[in-house]
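Asker: What would the 3D arrangement of this be:
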Amino acid sequence: MDTAAALVGVKPPPFEVLAPPRQAVPLVVASPHSGAHYPAEFVAASRLDPVALRRSEDSFIDEIFGAAPSLGAPLLRALFPRAYIDPNREPYELDPAMFEDTLPGYANTRSPRVAAGLGTIARVVATGRDIYRDKLRLAEALERIQALYQPYHGALRRLIADTRQAFGCCLLIDGHSMPSVGGPMDTDAGRARVDVILGDVHGASCAPIVTDTAERTLRQLGYAVTRNNPYSGGFTTQNYGRPRRGVHALQIEINRALYMDEETITRKDAILGLTRDMAKVMAALGTIDRRLLAAA
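Answerer: Numbering: from 1, shown residues only. Okay, the predicted model is just below:
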């Protein structure tokens, strides 16, 4: 059975934490965009078929970082899809043109992400195609935020706080994937992309040794790596990365062509080697001297 069709209508909890028996390293790994459980009413309200909706997914990223628990680090994965609600946004980045109702004053309606159609409730998928046939009710958006977004971030905050308390610091890895070629709304539209992009908000979200260690390890493994262009880090990296407080956040974007067929959204055999390599990256990050990550 087709994966997308099999998951339509399933109502799982908002997230899952895959925790080690005992946390051994000050790492927390998050996969906010790999969820593939599509509510049936959402699919019915969409202009797009389930496979087209999946174009916005970071498919299989939770698997690629799946070695985290065996390395002594918890892995948080969202189970809801990004096209339904995006936890890598502010909670209320909403496009007023999408709604029947007037939005509340606290909504951020003017962010660049809203303008691109990629707010907390996205208007379009990554290819630029509209998701919905009709306008939404504000109550529906608020329900998604309360039922899915808030619990996910509550879990992430707890993991970060517990890790910082236990180790004196926390290093958050936010795992993502990217299309192999820049999309129509991207600054690199039509251009082929490198294997991995590291986003540290131009050095603001983590200590230099974090990004340096990740880049050096990836290059030693044979990957082409760049930093912060076109992805410097989303809400998660920007919001939680506080190096002076001992919390470091690094976004890792992996080129989908390395491990999946982008048209059919199916795994390639190469996903096994990539998974082993990401385990090596996580292990290298876990060996960073904690004194260099502690609060200033």
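Asker: Do I have it right that R245 meets L293?
Answerer: No: counting by Cβ atoms under 8 Å, L293 is not a contact partner of R245; they are 10.7 Å apart. The way it works is simple: take the backbone N, C-alpha and C, and place the C-beta from them, glycine included.
Asker: which of those two has more neighbours?
Answerer: L293 (23 against 14; other Cβ atoms under 10 Å).
Asker: and that one, what does it touch?
Answerer: Contact analysis of L293 by Cβ atoms under 8 Å, 6 or more residues apart in numbering lists 26, 168-171, 207, 209-210, 243, 246, 248.
Asker: what do you get for D200?
Answerer: D200 makes contacts with 206, 210-211, 227-228, 232-233, 237, 241, 249-251, as judged by Cβ under 8 Å, 6+ apart.
Asker: any idea how far T264 is from it?
Answerer: 33 Å (Cβ to Cβ, to the nearest Å).
Asker: Now do stretch 289-296, average pLDDT.
Answerer: For stretch 289-296, the mean pLDDT works out to 93.
Asker: Apart from its neighbours in sequence, what residue is nearest the residue most central in space within the chain?
Answerer: For the chain, P32 is the residue whose C-alpha lies nearest the centre (Cα atoms, centre = their mean; 3.8 Å). Distances taken as Cβ to Cβ, 6 or more residues apart in numbering place P87 nearest to P32, at 4.6 Å, with adjacent residues excluded.
Asker: So L198 sits against A224, correct?
Answerer: No: judged on Cβ under 8 Å, L198 makes no contact with A224 at a distance of 11.7 Å.
Asker: Surely A67 is in a helix?
Answerer: No: counting by DSSP: H, G, I helix; E, B strand; the rest coil, A67 is located in no helix; its state is coil.
Asker: Near the nearest residue to it once chain neighbours are set aside, how many other residues are there?
Answerer: Distance criterion Cβ to Cβ, 6+ apart; nearest residue to A67, sequence neighbours excluded, is A279 at 3.7 Å. A total of 17 residues lie near A279 under the criterion other Cβ under 10 Å.
Asker: again, but for A139
Answerer: A count of nearby residues for A139, using other Cβ under 10 Å, gives 11.
Asker: if I look at it, how far off is R123?
Answerer: Distance from A139 to R123, counting by Cβ to Cβ: 18 Å.
Asker: all strands for the stretch 151-296 of the chain, in order.
Answerer: Taking DSSP state E, counting those that start in this stretch as the test, the strands found in the stretch 151-296 of the chain are 170-178, 196-199, 225-227, 247-255, 260-261, 266-267.
Asker: Need the per-residue pLDDT for P184.
Answerer: Listed pLDDT for P184 reads 74.
Asker: surely it meets G128?
Answerer: Yes: taking contacts as Cβ under 8 Å, P184 lies within contact range of G128: 4.8 Å.
Asker: Same drill for those two, tell me which one is more crowded.
Answerer: Taking neighbours as other Cβ under 10 Å, P184 and G128 compare with G128 leading, 15 against 11.
Asker: In three-state terms, how would that one be classified?
Answerer: Three-state assignment for G128 (three-state DSSP): coil.
Asker: which residues touch it?
Answerer: By Cβ under 8 Å, 6+ apart, G128 lies in contact with 117, 183-185.
Asker: Name the residues of stretch 12-31 that come out as buried.
Answerer: Neighbour counts using 16 or more other Cβ atoms under 10 Å place 14-16, 18, 23, 25-31 of stretch 12-31 among the buried residues.
Asker: Dihedrals phi and psi, the residue nearest to A73 when sequence neighbours are not counted?
Answerer: Distance criterion Cβ to Cβ, 6+ apart; nearest residue to A73, sequence neighbours excluded, is L27 at 3.8 Å. Here is the backbone geometry of L27 (degrees, to the nearest 10): phi -110, psi 140.
Asker: returning to what we had before: in PyMOL, how would I select the buried members of the contacts of L293?
Answerer: Only the buried entries of the contacts of L293 go into this PyMOL selection, using 16+ other Cβ under 10 Å:
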select buried, resi 26+169+170+171+207+210+243+246+248
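Asker: Can you report how many residues neighbour H176?
Answerer: Residues lying near H176 (other Cβ under 10 Å) number 24.
Asker: Which one of the strands of the stretch 151-296 of the chain lies nearest to L94?
Answerer: strand 170-178 (22.1 Å; Cβ to Cβ).
Asker: tell me the angle of the closest one relative to strand 247-255?
Answerer: Compare the direction of strand 170-178 with that of strand 247-255 by axes from the mean of the first three to the mean of the last three Cα atoms, to 10 degrees and you get 20 degrees.
Asker: Just the CA coordinates for strand 170-178, please, in PDB.
Answerer: This file holds the C-alpha atoms of strand 170-178, laid out as PDB (Å, rounded to 0.1, in the frame of the first residue of the first chain):
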ATOM      1  CA  CYS A 170      22.600  21.400  25.800                       C
ATOM      2  CA  LEU A 171      23.300  21.000  22.100                       C
ATOM      3  CA  LEU A 172      20.100  20.800  20.000                       C
ATOM      4  CA  ILE A 173      20.400  19.400  16.500                       C
ATOM      5  CA  ASP A 174      17.400  20.300  14.400                       C
ATOM      6  CA  GLY A 175      17.200  17.800  11.500                       C
ATOM      7  CA  HIS A 176      15.800  18.800   8.100                       C
ATOM      8  CA  SER A 177      15.900  17.900   4.400                       C
ATOM      9  CA  MET A 178      15.900  20.100   1.300                       C
END
